[in-house]
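Trainee: structure for this input, please:
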Amino acid sequence: MTTKVAIIGGGIIGCLTAIKLKESGFKVTIVDKNEIGKESSWAGAGILFPLMPWIYPSEVYDLCLNSAEFYKEFSKKLFKVTGIDPEFDRTGMMIIPPYDLIKINKWASKHQYKIEDVEFHKSTALLLPLVAQIRSPRLMKAIKKYLIHQGIKIIENTELCPIKNSAKLINEWLTKDNNLIKADYFIVTSGAWVSMIKPKYTNKIYPVRGQMIQYKASELKINHILYSDDFYILQRKDGVIIAGSTVEEVGFDDKITIESIDYLKKKSESLIPELKNIIVENHWSGFRPGSKNNIPIIRKDDEFENIFINSGHFRYGLTMAPKSAEIINNLLVNSQL
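Mentor: Residues are numbered from 1 along each chain as shown. Just a heads-up that it's a prediction; the model follows:
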């Protein structure tokens with residue numbers, strides 16, 4: 001009999017986990033409280049690199065390793081199957097001063113990572129030519145279509161209740177509309193919302209609001225992702241420019257603020273003065289799943305033998321998703337032996 005797996009949370013972590021498990025022969029269902037891919041996975045800028053890996057524990061970069069190559073090939077597959085182009089684009093990323101050159105060079109030497117000196121506004125910046133970006137909304141739209149094509153069941157607009165069962169194994173999970181999700185294994189990939197269904201994770205994984213703005217497409221051309229002082233600007237293939245993002249611990253308050261628009265515009269225009277003449281046409285927010293040292297929890301739950309956690313990836317869910325899915329897949333495959 002085929003082993004059934006229910007994945008709780010349909011962001012990029014849940015979706016790639018579902019695809020990997022399906023490839024390993026599991027029967028997979030994804031359950032999401034809203035629509036697939038419409039939370040932080042949709043809201044993110046889609047930078048396929050951990051921004052400043054030299055300041056993080058090695059575990060962060062290890063989880064991000066080779067993600068750009070994964071998405072390069074996966075984007076081709078998605079386009080072939082769904083007709084939707086996720087717009088993978090290896091634009092490179094420019095690190096603009098101030099930065100710790102000694103720390104960066106030490107990290108680059110250790111990982112044999114290519115970095116070039118370039119000029120930016122009459123100062124020396126660092127170019128990481130291998131960094132890529134992908135258009136998150138298009139990626140998630142394509143993935144949802146791909147999931148259906150692969151025979152993965154999707155249950156949307158369905159929220160689960162916190163577990164009250166004291167048994168070590170559960171085979172069904174109650175939803176808030178009094179239905180049951182039945183499975184042999186449950187994988188919790190609900191990002192910032194983990195604590196709402198597993199309260200014990202309240203202090204381990206928590207929401208961090210990020211606000212972003214979008215400038216209208218114009219004649220202005222930005223060749224690389226620009227990064228400076230925990231802020232980035234990038235341009236999509238159709239010319240729109242994305243700038244972000246804020247880092248705000250405000251619980252699940254998803255409102256957007258005038259103060260953040262002003263802050264993001266000021267930061268953007270300090271790097272590219274020409275943006276003063278371009279209209280900001282969109283402004284949104286999303287919740288990242290914050291975690292200690294940006295290290296996610298990817299393991300079996302310590303209360304239930306058939307529940308696994310794959311959450312807490314903070315800003316790098318997209319980048320860590322392929323490796324995280326592989327880890328969970330290996331855990332489940334080994335549990336079958």
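Trainee: where does residue 120 fall, phi/psi-wise?
Mentor: The phi and psi values for residue 120, taken as degrees, to the nearest 10, are phi -140, psi 120.
Trainee: for the helix ranked longest in the chain, buried residues please.
Mentor: With DSSP state H setting the assignment, residue counts place helix 317-335 as the longest helix in the chain. Using 16 or more other CB atoms under 10 Å as the burial criterion, the residues of helix 317-335 that qualify are 317-329, 331-332. Any C-beta I mention is one placed from the backbone N, CA and C, and that applies to glycine too.
Trainee: go ahead and produce PDB holding the CA coordinates of stretch 48-65.
Mentor: Taking Å, rounded to 0.1, in the frame of the first residue of the first chain, the C-alpha atoms of stretch 48-65 are listed here in PDB:
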ATOM      1  CA  LEU A  48      18.700  32.900  -5.100                       C
ATOM      2  CA  PHE A  49      21.500  33.700  -2.600                       C
ATOM      3  CA  PRO A  50      21.700  34.300   1.100                       C
ATOM      4  CA  LEU A  51      22.600  38.000   0.700                       C
ATOM      5  CA  MET A  52      25.500  38.000   3.200                       C
ATOM      6  CA  PRO A  53      26.500  34.400   3.900                       C
ATOM      7  CA  TRP A  54      29.800  35.500   5.500                       C
ATOM      8  CA  ILE A  55      27.800  36.700   8.500                       C
ATOM      9  CA  TYR A  56      25.700  33.600   9.100                       C
ATOM     10  CA  PRO A  57      26.500  30.200  10.600                       C
ATOM     11  CA  SER A  58      27.700  27.700   8.000                       C
ATOM     12  CA  GLU A  59      24.500  25.800   8.200                       C
ATOM     13  CA  VAL A  60      22.700  28.700   6.400                       C
ATOM     14  CA  TYR A  61      25.000  28.600   3.300                       C
ATOM     15  CA  ASP A  62      25.100  24.800   3.300                       C
ATOM     16  CA  LEU A  63      21.300  24.700   2.900                       C
ATOM     17  CA  CYS A  64      21.400  27.300   0.100                       C
ATOM     18  CA  LEU A  65      24.200  25.600  -1.800                       C
END
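Trainee: ok, back up a step: relative to residue 265, which of the buried residues of helix 317-335 is nearest.
Mentor: residue 318 (25.0 Å; CB to CB).
Trainee: list the contacts for the closest one?
Mentor: Listed by CB atoms under 8 Å, 6 or more residues apart in numbering, the contact partners of residue 318 are 12, 41, 44, 46-48, 67, 134, 136.
Trainee: who wins for neighbours among those residues?
Mentor: Neighbour tally across the contacts of residue 318 (other CB atoms under 10 Å): the maximum, 30 neighbours, falls on residue 12.
Trainee: quick check: which ranges of this structure have low pLDDT?
Mentor: 337 (pLDDT under 70).
Trainee: where along it do the helices fall?
Mentor: Using DSSP H, the helices found in the chain span residues 12-23, 40-43, 58-64, 67-82, 101-111, 136-149, 194-197, 258-271, 317-335.
Trainee: could you dump those to CSV with distance to residue 244?
Mentor: Shown next, in CSV, are these (distance: least, CB to CB, whole Å):
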stretch, distance to residue 244
helix 12-23, 17
helix 40-43, 9
helix 58-64, 19
helix 67-82, 19
helix 101-111, 22
helix 136-149, 12
helix 194-197, 23
helix 258-271, 7
helix 317-335, 14
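Trainee: mind checking which of these is nearest residue 165?
Mentor: Of all those, helix 194-197 sits nearest to residue 165, with 12.6 Å by CB to CB.
Trainee: CA atoms only: put the closest one into PDB for me.
Mentor: Presented in PDB, the C-alpha positions along helix 194-197 are these (Å, rounded to 0.1, in the frame of the first residue of the first chain):
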ATOM      1  CA  VAL A 194       3.800  26.900  12.600                       C
ATOM      2  CA  SER A 195       3.000  27.900  16.200                       C
ATOM      3  CA  MET A 196      -0.700  28.200  15.300                       C
ATOM      4  CA  ILE A 197      -1.000  24.500  14.800                       C
END
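Trainee: which parts of it are buried?
Mentor: Neighbour-count burial for helix 194-197, counted by 16+ other CB under 10 Å, picks out 194-197.
Trainee: which of those lies closest to residue 228?
Mentor: Distance to residue 228, by CB to CB, is smallest for residue 194 among the buried residues of helix 194-197, at 32.0 Å.
Trainee: show the contacting residues for the closest one.
Mentor: Residue 194 makes contact with 188, 201, 205, 289, 309, 311-312, according to CB under 8 Å, 6+ apart.
Trainee: could you give the angle of the longest helix of the chain to helix 67-82?
Mentor: 80 degrees (axes from the mean of the first three to the mean of the last three CA atoms, to 10 degrees).
Trainee: tell me how far helix 317-335 lies from the chain's centre.
Mentor: Between the centre of helix 317-335 and the centre of its chain there are 14 Å (CA atoms, centre = their mean, to the nearest Å).
Trainee: just the buried residues of helix 317-335 now: which is nearest residue 27?
Mentor: Relative to residue 27, the closest of the buried residues of helix 317-335 is residue 332; by CB to CB it sits at 12.1 Å.
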